[in-house]
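In: pasting a predicted model and its sequence here:
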Amino acid sequence: MAQPASTNYEIAQVCLLAGKIMLENGGETYRVEDTMSRVAEAFGIPESHSFVTPTGIIFSLDGPEQTTKLIRISSRSTDLRKVTVVNAISRRISQGELTPSEALQLLEQIQADKRRYPTWFQTLVAAIASGCFLIMFQGKWSDFIPAFLAGGAGTISLTYFHRLVPIKFFAEFLASLIIGFMAYLTVKIGLGHNLDTIIIGSVMPLVPGLLITNAVRDLMAGHFVSGVSKGAEAFLTAFAIGAGIAFVLTFYRGGGSLAWK
């Protein structure tokens with residue numbers, strides 16, 4: 001039985017909000033489209049169409065009163081907890097436990113949830129991860145502290161510069177610049193020994209691993225627009241990191257007594 005127009009509108013709102021939350025927090029394009037289709041089907045509308053890109057979602061419900069809506073995605077980050085919660089809500093919808101209004105209310109609560117790990121905790125974790133990456137790349141334990149310091153400085157710099165200048169490329173470039181400078185400084189004063197492994201371990205928290213993974217998965221799933229655009233974004237991030245490190249190495253190559261090996 002066809003849904004009333006008002007219900008169609010509410011269902012479209014639920015589907016779009018679920019897709020928006022997932023896309024803004026690291027969800028893959030094909031997973032977003034699949035979740036939206038399953039939610040619409042669970043609410044009694046088997047025919048729905050969606051077109052998802054990293055910057056927007058177009059969603060349409062078929063029926064006597066066709067509903068089509070567009071939503072803009074202006075910012076993207078990584079919060080897989082929200083993706084998991086939205087998936088849990090979609091399962092409850094599929095099992096018939098939630099009405100459209102109840103689901104919409106839950107999704108609005110998730111969207112309004114601004115809880116984040118504090119900056120000091122993110123910095124500490126990134127610093128520890130930098131040291132662990134150094135060991136993984138066959139670095140020496142004597143370089144753990146320099147990688148710890150450089151990785152922590154890079155992470156807190158990224159957070160600060162991104163708030164100061166809301167252009168991700170420049171924030172990543174400046175953060176990698178500080179990482180390179182910190183790594184060189186620790187080697188210069190004798191605290192560190194192998195500059196290469198210190199830099200490699202320190203920049204790893206900045207590497208867009210999730211973005212690269214999602215780009216490949218979207219390409220494999222046939223979402224070429226999203227896959228290529230995410231791949232381009234990952235390339236720009238990698239370029240910003242490489243450019244910052246290259247600038248430091250070029251600037252200090254002829255000025256110090258460091259042996260580049």
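Out: Here it is on my side, so go on. Numbering: from 1, shown residues only.
In: make it CA atoms for all contacts and neighbour counts henceforth
Out: OK.
In: which residues touch A42?
Out: 93-96 (CA atoms under 8 Å, 6 or more residues apart in numbering).
In: recalculate using a threshold of 10 Å.
Out: The contact partners of A42, taken as CA atoms under 10 Å, 6 or more residues apart in numbering, are 36, 90-96, 98-99.
In: tabulate those residues in JSON lines, adding columns for neighbour count, secondary structure and pLDDT.
Out: Formatted as JSON lines, those follow (neighbours: other CA atoms under 10 Å; DSSP: H, G, I helix; E, B strand; the rest coil; pLDDT from 0 to 100):
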{"residue": "M36", "neighbour count": "25", "secondary structure": "helix", "pLDDT": "92"}
{"residue": "S90", "neighbour count": "24", "secondary structure": "helix", "pLDDT": "93"}
{"residue": "R91", "neighbour count": "17", "secondary structure": "helix", "pLDDT": "92"}
{"residue": "R92", "neighbour count": "16", "secondary structure": "helix", "pLDDT": "92"}
{"residue": "I93", "neighbour count": "21", "secondary structure": "helix", "pLDDT": "92"}
{"residue": "S94", "neighbour count": "16", "secondary structure": "helix", "pLDDT": "90"}
{"residue": "Q95", "neighbour count": "10", "secondary structure": "coil", "pLDDT": "90"}
{"residue": "G96", "neighbour count": "11", "secondary structure": "coil", "pLDDT": "88"}
{"residue": "L98", "neighbour count": "18", "secondary structure": "coil", "pLDDT": "88"}
{"residue": "T99", "neighbour count": "14", "secondary structure": "coil", "pLDDT": "89"}
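In: which of those sits closest to E10?
Out: Distance to E10 across those (CA to CA) is lowest for T99, with 10.1 Å.
In: tell me the SS of I71?
Out: Under DSSP: H, G, I helix; E, B strand; the rest coil, I71 falls in the strand class.
In: for burial, what's the neighbour tally of it?
Out: Here the count is done by other CA atoms under 10 Å, and I71 has 16 residues near it.
In: and for K20?
Out: 23.
In: which helix or strand contains it?
Out: Using DSSP states H and E, K20 sits within helix 5-24.
In: show me what that helix is packed against.
Out: Judged by 3 or more CA pairs under 10 Å, 6 or more residues apart in numbering; DSSP states H and E, helix 5-24 is in contact with helix 29-42, strand 48-53, strand 56-61, strand 67-72, helix 80-94, helix 100-112.
In: show me what the last one is packed against.
Out: When contacts are defined as 3+ CA pairs under 10 Å, 6+ apart, helix 100-112 packs onto helix 5-24, helix 29-42, helix 80-94.
In: run the last query once more with 8 Å
Out: With contacts defined as 3 or more CA pairs under 8 Å, 6 or more residues apart in numbering; DSSP states H and E, helix 100-112 has these neighbours: helix 5-24, helix 80-94.
In: just the buried residues of the helix holding K20, please?
Out: Buried positions in helix 5-24, judged by neighbour count with 16 or more other CA atoms under 10 Å: 8-24.
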